[in-house]
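K.L.:
Build the 3D model from these lines:
(one chain, ligands or ions: 2)
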Amino acid sequence: MELKKLAMKLLSLMAKALKMKDEEMRDVFEEGMQSMRMNYYPPCPQPDLAIGLSPHSDGTGLTILLQGNEMEGLQIKKDGMWIPVTPLPGAFVVNIGDMLEIVTNGTYRSIEHRATVNSEKREALHRHISQRESSMETSVRPPAFSLLKLHHCSEERVLQTSSECIIPANSAGSHIWMP
Ligand SMILES: O=C(O)CCC(=O)C(=O)O
Ligand SMILES: [Fe+2]
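P.N.:
Ligands and ions are numbered 1, 2, ... in the order given. Predicted coordinates for the structure are as follows:
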């Protein structure tokens, strides 16, 4: 509940920064799905040869993350390089997800990230804040993304552009957002 309040506050500030209507942002995320996940990375004898979680972006609106036992592991990709996100005691990390990138018309970019492992265990607790289904039309013009039914784009086009397109996590693969 408190994390949802925090997420809505952050979303509201982003809406303000973008001169979007607050209600518009609330309409997308207030009644959306939320999920909680605990990731446990066991101690690894050869961390350099292993990966905890492969590179991805979150398909959500916002992810609020607490790096539990303050072990390093989370890395973001910036200018082609993996940068560690050093855990700060008691601090949350907030990740922008794909759906927020779409709603903000590409201004707030969804970040590619991964998790490495250590010779000691690591824990990370996540709260994902997602959109209400069928509420993804941005009022910003021109829209940077449009929703295509998958059968309208050839498999080749999807493959060519897959690093730039966004596949909604809950769409069972039937729709795709294209820039
Ligand atoms: O373990 C982490 O810090 C990141 C995990 C993550 O990115 C995810 O579960 O989506
Ligand atoms: Fe993630």
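K.L.:
got the residues of this protein near ligand 1?
P.N.:
37, 39, 53, 58, 65, 73-74, 113, 115, 124, 126 (Cβ under 6 Å from any ligand atom). C-beta: built from backbone N, CA, C; applies to glycine.
K.L.:
List the buried residues for stretch 117-128?
P.N.:
117-118, 122, 124, 126-128 (16 or more other Cβ atoms under 10 Å).
K.L.:
Give me the distance from it to the chain's centre.
P.N.:
Mean C-alpha position of stretch 117-128 versus that of the full chain (Cα atoms, centre = their mean, to the nearest Å) differs by 17 Å.
K.L.:
Same question for stretch 71-89.
P.N.:
Distance of stretch 71-89 from the chain centroid (Cα atoms, centre = their mean) equals 15 Å.
K.L.:
Report the mean per-residue pLDDT for it.
P.N.:
Mean per-residue pLDDT for stretch 71-89: 93.
K.L.:
ends of it, how far apart?
P.N.:
Using Cα to Cα, to the nearest Å, the end-to-end distance of stretch 71-89 comes to 10 Å.
K.L.:
who's in contact with it?
P.N.:
Contact with stretch 71-89 is made by 41, 52, 55, 65, 67, 70, 93, 111-118, 120-124, as judged by Cβ atoms under 8 Å, 6 or more residues apart in numbering.
K.L.:
now do stretch 23-41
P.N.:
Taking Cβ under 8 Å, 6+ apart as the rule, stretch 23-41 contacts 4, 7-8, 11-12, 14-15, 52-53, 61-62, 73, 99, 103, 115, 117-118, 121-132, 135-136, 139, 170.
K.L.:
go with 7 Å
P.N.:
Residues outside stretch 23-41 that contact it (Cβ atoms under 7 Å, 6 or more residues apart in numbering) are 4, 8, 11-12, 15, 52, 61, 73, 103, 115, 117, 121-132, 135-136, 139.
K.L.:
So residue 94 sits against residue 62, correct?
P.N.:
Yes: applying Cβ atoms under 7 Å, one finds residue 94 in contact with residue 62, separated by 6.1 Å.
K.L.:
more crowded one of the two?
P.N.:
More neighbours surround residue 62 than the other of residue 94 and residue 62, with 25 against 13 (other Cβ atoms under 10 Å).
K.L.:
contacting residues around the nearest residue to that one once chain neighbours are set aside?
P.N.:
Residue nearest to residue 62 in three dimensions, not counting chain neighbours: residue 129, with 4.6 Å by Cβ to Cβ, 6 or more residues apart in numbering. Taking Cβ under 7 Å, 6+ apart, we find residue 129 in contact with 4, 7, 29, 32, 34, 60-62.
K.L.:
between these, which is closest to ligand 1?
P.N.:
residue 60 (8.7 Å; Cβ to the nearest ligand atom).
K.L.:
For that closest one, give me its contacts.
P.N.:
Counted by Cβ under 7 Å, 6+ apart, residue 60 has contacts 97, 99, 128-130.
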